[in-house]
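Peer 1: structure of the sequence below:
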Amino acid sequence: MPEANLFGEPMDSVPSAKPDRVAKASAPKLIRAQRHQVMLLPTNLEDLLPEDHIARGMWTLVGRLDLSRFLAAIGTQENEAGRPAIDPRILVTLWLYATSEGVGSARELARLCTSHDAYRWICGGVAVCPHTLSDFRVGHKDALDDVMTQILGLLIRHGGIELKRVAQDGTRIRASAGTSSFRRKKSLDACLEEARRHVADVAARAEESTSEIQAAAQKRAAQDRLDRVQRAIDELPKAVAAKKTAEKRENARVSTTDPEVRVMKMANGGFSPAWNVQVCADTRSRIITGLSVDNRGSDRGDLAPMLKQVEDRTGQKPDEILADGGYVEHDDIAAIEKKNVTVYIPPTASKSADPHLPRPGEPPVIGAWRSRMATEKAKEIYKERAATAESINADLKCLRGLDRFLVRTLPKVTCVAFWSAIAYNALKLIAMV
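Peer 2: Below you'll find the predicted structure:
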């Protein structure tokens, strides 16, 4: 007889629950990662970076500099009404560190200030916006010039610069202006009339606009276009004067986007709107001792001004200066040799005569330079030029964000070039100390 259960039913008639449980088994219950969950975590900015991080070195270096030129541009003062300005030490360190990392966009830098530990550490809780960063980057040309001189002084004090031999080289950096923005005199006059009509139309429509802010923005944009076209017309005589033949002078063109920029022959053999960036560096330490930017497609005549800049920045002149054949300018060579600085530049090749032989009518100093460059010693010394100046230009282009200018006008372009050179020298100084 089957065994009864508690309710009097036979045990054989009670269905087993075990098979059903197996059939209805679900996936294991797990605690999964939720990375989109907002979390409030206690953070100490000092603990974000190791003691030897490069951002700490940049901050310490900038703290040793005299930033009074940056402070002089601040309008609000202590105990007066007005919003306080961001400490220039923060902004200078941000741009130096960003440039050393190849970051050249103010918008990208502002994003990094909220997401990257190194930039957050530099900010120290201070909020920065892209507009502030952008204005600061291109608005302090004289102050940046002074910062470069101060860092060179620190490098000399630590024995980092020998300044026995320097090398100079120029590189063409692509400009922001487009090739199609270059126009001749007739087209510029037509653009000027069109821009004036546009300004008048915008002013007439502004009276009917319901948004004062939008109307003001449209007025500014129209006036800015008119000003750029007018600057292009004013710049045209300079472009005409730079041409050597009557045909080229007649076809001279300037850009309505960036009137000061010129079309230059680039390293790839083509022609593009560009700026000529001149860099001079110590051959032993590979530290940049001089920097300039101009809109000339030729390097002739740039040697003597650069030598003077090096003297002004360092308080001393080098014993020797190296440059390529594009710098051959007899007046420059004679002026530099009179200062007891030996020039190492290869003479221009000639099919009719040996370029290393003195020529009739030339000053003795030029004949001595020609003869010197034929010696094995001079050829060995000249090898240091490419290893110094050209490699530094490659470093600035590939690693320090100087591959293309995204700003316009010569003062702003010069500021961007200064940031790259200063960041390069700052890294050298930090590694030294």
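Peer 1: please make it C-alpha for all contacts and neighbour counts, starting now.
Peer 2: Fine.
Peer 1: buried ones in the helix or strand harbouring Gln150, by neighbour count?
Peer 2: Using DSSP states H and E, Gln150 falls within helix 141-157. Neighbour-count burial for helix 141-157 flags 141, 143-155 (criterion: 16 or more other CA atoms under 10 Å).
Peer 1: CSV for these, including distance to Thr375 and pLDDT?
Peer 2: Shown next, in CSV, are the buried residues of helix 141-157 (distance: CA to CA, whole Å; pLDDT from 0 to 100):
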residue, distance to Thr375, pLDDT
Lys141, 43, 96
Ala143, 44, 97
Leu144, 41, 97
Asp145, 38, 97
Asp146, 40, 97
Val147, 40, 97
Met148, 36, 97
Thr149, 36, 97
Gln150, 38, 97
Ile151, 37, 96
Leu152, 33, 95
Gly153, 35, 95
Leu154, 37, 95
Leu155, 34, 94
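Peer 1: give the buried residues for stretch 224-239.
Peer 2: Quick answer for stretch 224-239 (16+ other CA under 10 Å): 225-233, 235-236, 239.
Peer 1: which of the residues you listed fall within strands?
Peer 2: Judged by DSSP state E, strands contain none of the buried residues of stretch 224-239.
Peer 1: how much space separates Cys280 from Asp302?
Peer 2: Going from Cys280 to Asp302 by CA to CA, to the nearest Å gives 11 Å.
Peer 1: which one of those two has more residues nearby?
Peer 2: A direct count of neighbours by other CA atoms under 10 Å for Cys280 and Asp302 places Cys280 higher, at 29 against 21.
Peer 1: could you look up the SS state of the more buried one?
Peer 2: Put simply, Cys280 is strand when judged by DSSP: H, G, I helix; E, B strand; the rest coil.
Peer 1: tell me the pLDDT at it?
Peer 2: Cys280 carries a pLDDT score of 96 in this model.
Peer 1: leaving out the residues flanking it, which one is nearest to it?
Peer 2: Gln168 (4.2 Å; CA to CA, 6 or more residues apart in numbering).
Peer 1: and the one you found, what does it touch?
Peer 2: For Gln168, the contacting residues are 278-281, 303, 321-323, 385, 389, by CA atoms under 8 Å, 6 or more residues apart in numbering.
Peer 1: have a look at the chain and report the helix or strand with the lowest mean pLDDT.
Peer 2: Least confident element among the helices and strands of the chain, by mean pLDDT, DSSP states H and E: helix 18-23 (a mean of 52).
Peer 1: buried set for whatever helix or strand comes next after that one?
Peer 2: Tracing the chain C-terminally past helix 18-23 and defining elements by DSSP H and E, one meets helix 54-63 next. For helix 54-63, burial by neighbour count (16+ other CA under 10 Å) applies to 54-59, 61-62.
Peer 1: with stretch 64-77 instead?
Peer 2: 67, 70.
Peer 1: for stretch 269-288, same thing?
Peer 2: Buried residues in stretch 269-288 (16+ other CA under 10 Å): 272-283, 286-288.
Peer 1: with the residues you listed in mind, which one is nearest to Ala215?
Peer 2: Nearest to Ala215 out of those is Pro273 (CA to CA; 33.4 Å).
Peer 1: how much space between that closest one and Gly75?
Peer 2: Pro273 is 37 Å from Gly75, where distance means CA to CA.
Peer 1: how about JSON lines for the buried residues of stretch 224-239, with pLDDT added?
Peer 2: Below are the buried residues of stretch 224-239 laid out as JSON lines (pLDDT from 0 to 100):
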{"residue": "Arg225", "pLDDT": "91"}
{"residue": "Leu226", "pLDDT": "92"}
{"residue": "Asp227", "pLDDT": "93"}
{"residue": "Arg228", "pLDDT": "92"}
{"residue": "Val229", "pLDDT": "93"}
{"residue": "Gln230", "pLDDT": "93"}
{"residue": "Arg231", "pLDDT": "93"}
{"residue": "Ala232", "pLDDT": "93"}
{"residue": "Ile233", "pLDDT": "93"}
{"residue": "Glu235", "pLDDT": "92"}
{"residue": "Leu236", "pLDDT": "92"}
{"residue": "Ala239", "pLDDT": "90"}
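Peer 1: and those as TSV, adding distance to Ile430?
Peer 2: Supplementary listing: the buried residues of stretch 224-239 in TSV, determined by distance: CA to CA, whole Å:
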residue	distance to Ile430
Arg225	44
Leu226	47
Asp227	44
Arg228	42
Val229	45
Gln230	46
Arg231	43
Ala232	43
Ile233	47
Glu235	43
Leu236	45
Ala239	43
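Peer 1: can you map out the strands along the stretch 51-200 of the chain?
Peer 2: For the stretch 51-200 of the chain, the strands defined by DSSP state E, counting those that start in this stretch occupy 165-174, 182-183.
Peer 1: just the pLDDT for Ile213.
Peer 2: Confidence score, pLDDT, at Ile213: 84.
Peer 1: in what helix or strand does it lie?
Peer 2: Ile213 belongs to helix 212-241 when assigned by DSSP H and E.
Peer 1: which parts of the next helix or strand after that helix are buried?
Peer 2: Proceeding N to C from helix 212-241, the next assigned helix or strand is helix 246-250, under DSSP H and E. By neighbour count on 16+ other CA under 10 Å, the buried set for helix 246-250 is Arg249.
Peer 1: cool, stretch 109-129 as well?
Peer 2: 109-110, 112-114, 117-123, 128.
Peer 1: how about the closest residue to Gly178 other than its chain neighbours, secondary structure?
Peer 2: Leaving aside its sequence neighbours, Gly178 sits nearest to Pro273 (CA to CA, 6+ apart; 7.0 Å). With three-state DSSP as the basis, the three-state label of Pro273 is strand.
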